[in-house]
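K.L.:
What follows is a predicted structure for the sequence shown.
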Amino acid sequence: SQQGEEDPQALSIQEGENATMNCSYKTSINNLQWYRQNSGRGLVHLILIRSNEREKHSGRLRVTLDTSKKSSSLLITASRAADTASYFCAPTLEGGADGLTFGKGTHLIIQP
Amino acid sequence: EADIYQTPRYLVIGTGKKITLECSQTMGHDKMYWYQQDPGMELHLIHYSYGVNSTEKGDLSSESTVSRIRTEHFPLTLESARPSHTSQYLCASSNGPFYGYTFGSGTRLTVV
């Protein structure tokens, strides 16, 4: 397994603004997944983007993937207070080795 | 409704005690995982299972053990709890590395 590295480590924005967080990884992947974790809770799967996809949308979420740069971004549009959480990316190796590995995440705070 | 359940939600226990953290899922997933997470830190994979009677150690060495006698059940046991075991333990399941993981709400363990 390999670990994605999220950037920035922390982000604070006003409600209604857009939030962008980035993920970098090191080797070839089959897919990359994004998860959200509210304080003290388990992770919630947000979106999975496959290596042959460049962009994917789900509601207010937009994920991009650039395999040539080994990077991905998660955009949350029109942020809400309920979006306050930590966000993690998890790349899956091309061979599909099991057990996702998570970095420290991006801690997002939405100010009312 | 298909889901994954962890019990107990919180546990405070004395040093030297034997504990079992329960994890059950109703989705029929073959793959199950245990992660350990300290507050604000990354998740560490400590155990995983490909199916009944299959258990593997994860990236982080752990003194805990697991068993998989039934598809839906993946309990984690600590034979003799120590303060260094204080952490949050998260259970997850999936259909494999090409699909998203479903996480439980976690067990927050404190060993005093």
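P.N.:
Noted; the coordinates are in hand. Residues are numbered from 1 along each chain as shown, chains lettered A, B, ... in the order given.
K.L.:
Next up, the contacts around the spatially most central residue of chain B.
P.N.:
Residue closest to the average C-alpha location in chain B (Cα atoms, centre = their mean): B:W34, at 3.4 Å. When the contact criterion is Cβ atoms under 8 Å, 6 or more residues apart in numbering or on different chains, the partners of B:W34 are B:23, B:45-48, B:58, B:64, B:66, B:74, B:76, B:89-92. From N, CA and C alone the C-beta is placed, and that goes for glycine too.
K.L.:
when you check chain A, which of those turn up near it?
P.N.:
Among the contacts of B:W34, the ones lying near chain A by Cβ under 8 Å from any Cβ of the partner chain are B:45, B:48, B:58, B:90, B:92.
K.L.:
Just the element for the fourth one, please.
P.N.:
Read that as B:L90. Per DSSP states H and E: B:L90 is located in strand B:87-94.
K.L.:
Parallel or antiparallel, list what pairs with that strand.
P.N.:
Strand pairing for strand B:87-94, determined by DSSP bridges: strand B:31-37 (antiparallel), strand B:102-103 (antiparallel), strand B:107-111 (antiparallel).
K.L.:
follow-up on the earlier one: name the element the closest residue to the residue nearest to the centre of chain B other than its chain neighbours belongs to?
P.N.:
In space, and not counting its chain neighbours, B:W34 is closest to B:H47: 4.4 Å by Cβ to Cβ, 6 or more residues apart in numbering or on different chains. Applying DSSP H and E as the criterion places B:H47 in strand B:43-49.
K.L.:
following that strand, which helix or strand shows up next?
P.N.:
Downstream of strand B:43-49 (by DSSP H and E), the next one is strand B:56-57.
K.L.:
Tell me the helices and strands packed up against that following strand.
P.N.:
strand B:43-49 (3 or more Cβ pairs under 8 Å, 6 or more residues apart in numbering or on different chains; DSSP states H and E).
K.L.:
Now do the buried residues in the strand it packs on.
P.N.:
B:43-49 (16 or more other Cβ atoms under 10 Å in any protein chain shown).
K.L.:
export those to CSV and tack on pLDDT and distance to A:I13?
P.N.:
Formatted as CSV, the buried residues of strand B:43-49 follow (pLDDT from 0 to 100; distance: Cβ to Cβ, whole Å):
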residue, pLDDT, distance to A:I13
B:L43, 91, 25
B:H44, 92, 29
B:L45, 92, 31
B:I46, 94, 34
B:H47, 95, 37
B:Y48, 93, 36
B:S49, 94, 40
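K.L.:
Let me have the residues you listed in TSV, extended by distance to B:R9.
P.N.:
Compiled in TSV, the buried residues of strand B:43-49 are given as follows (distance: Cβ to Cβ, whole Å):
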residue	distance to B:R9
B:L43	18
B:H44	20
B:L45	22
B:I46	19
B:H47	20
B:Y48	22
B:S49	22
